[in-house]
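Visitor: Just to be clear, the model below is a prediction. Sequence and coordinates:
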Amino acid sequence: MAYLRVLRPLNLLLIVMVQAIIKYGLLEVFDLPLALGDVDFTLLSFATICIAAGGNVVNDIMDKQVDSVNKPEKMIVWKHISERAAYNYYIVLNVLGVGAGFFLANRVGHPGLAAVFIVISVLLYSYATQIKGMLLLGNILVSALVAMSLLVLILFDIYPAMDGTVSEVQLTCTRTILAYAGFAFFINLIREIVKDLQDIDGDKNGGRSSLPIVLGRSRTTLVTFVMGVVALLTVLIYTYQELYRFTWVAFYAIFLIAAPLLYFCIKAWNAETKKDFKRLSLVLKLVMFTGVASLIFYAEIIPLL
């Protein structure tokens, strides 16, 4: 059970669900050439979650000093899995992920795309060992990698199927995925800062430089509030300008994306305790999923926008 828990299975499931929504809720609905069949898409998701799971394992290995303060009761590596076993687990996951990525890249006729998984693996290791402790850089990197879990559908499904010309539908789907990846990046960036607020004591103990340590808890909480307001206004303005003609889509955006963001902003205004910040982090995870899940509506509304 410890070997499963250390992978963060819920987070991995969310990645697979988001990729499936993009693949089957958006791309497959349009009559455009695609490179990935069902088997190939399974390989892509498998490679993605193996690399992500490996990143989770190495992150836990490197976080001993921090986690011993922030969440000693939830430590898995060092308490339930030895350091050596965890490193072996990390290596196996990365070999499987990179291997599956290499096989997939050859199947779609672009072997060079295998470098995507190698680069992501290296960046996740660098994040866990060095970059995580750097002011904002670690937050930005991990948020960019979250966005990358959406962008790989462009690289592996749309791009290899292009025959030298780019159709309007291909461009529209690409722009849509890029926009959603940007949304995922921004929401996850807020969440990373909120997690830093939650883990400030352990980060101090580990000698890290996070925004709450540099600015202080109250100023950083204000930063997350302002970022939440920006996200909320963006959703509301887009809904008002583009989605007002589509009643159910507008209701979805207001009640399942904007409403949780409004709740986040209200609670972020006076958040103080670890429990407060943990709740805010969960709300942002929900917003990220419901936001990306709204892609299922775009197959119908894109031609009308």
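Guide: Nice, thanks for sending it over.
Visitor: Mind listing what's buried along the longest helix anywhere in the chain?
Guide: Counting by DSSP state H, the longest helix found in the chain is helix 168-198. By 16 or more other C-beta atoms under 10 Å, the buried positions in helix 168-198 come out as 169-170, 172-174, 176-177, 180-181, 183-198. In this view, the C-beta of every residue, glycine as well, is placed from N, C-alpha and C.
Visitor: Ok, stretch 92-111 next?
Guide: Neighbour counts over stretch 92-111 (16+ other C-beta under 10 Å) mark 93, 94, 96, 97, 98, 100, 101, 102, 104, 105, 107, 108 as buried.
Visitor: And the contacts of it?
Guide: Stretch 92-111 is contacted from outside by 35-36, 40, 43-44, 46-51, 53-54, 57, 112-114, 116-118, 121, 156, 159-160, using C-beta atoms under 8 Å, 6 or more residues apart in numbering.
Visitor: Tell me the buried residues within those.
Guide: Buried among the contacts of stretch 92-111 (16+ other C-beta under 10 Å): 35-36, 40, 43-44, 46-51, 53-54, 57, 113-114, 116-117, 121, 156, 159-160.
Visitor: and of the buried residues of stretch 92-111, the nearest to residue 10?
Guide: residue 93 (16.9 Å; C-beta to C-beta).
Visitor: and the closest one, what element?
Guide: helix 83-107 (DSSP states H and E).
Visitor: for residue 298, same thing?
Guide: With DSSP H and E as the test, residue 298 turns up in helix 298-301.
Visitor: Extract the residue ranges of the stretch 151-300 of the chain that are flagged as low pLDDT.
Guide: Residue ranges of the stretch 151-300 of the chain with pLDDT under 70: 205-207.
Visitor: residue boundaries of the helices in it?
Guide: Using DSSP state H, counting those that start in this stretch, the helices of the stretch 151-300 of the chain run over 168-198, 200-205, 211-215, 217-242, 247-252, 259-269, 274-293, 298-301.
Visitor: how long is stretch 126-134 end to end?
Guide: 11 Å (C-alpha to C-alpha, to the nearest Å).
Visitor: which residues touch that stretch?
Guide: 55, 58-59, 61-63, 137-138, 141-142, 145, 203, 206-209.
Visitor: farthest-separated two in those?
Guide: Checking these with C-beta to C-beta, the most distant pair is 145 and 207, at 23.6 Å.
Visitor: Which one's more surrounded, the two?
Guide: residue 145 (18 against 10; other C-beta atoms under 10 Å).
Visitor: Which of the helices or strands spans the more buried one?
Guide: helix 137-153.
Visitor: list the buried ones in that helix?
Guide: Quick answer for helix 137-153 (16+ other C-beta under 10 Å): 138-139, 141-153.
Visitor: What residues does the most centrally placed residue in the chain make contact with?
Guide: In the chain, the residue lying closest to the centroid (C-alpha atoms, centre = their mean) is residue 146, at 2.8 Å. When contacts are counted by C-beta under 8 Å, 6+ apart, residue 146 is found next to 184, 185, 188.
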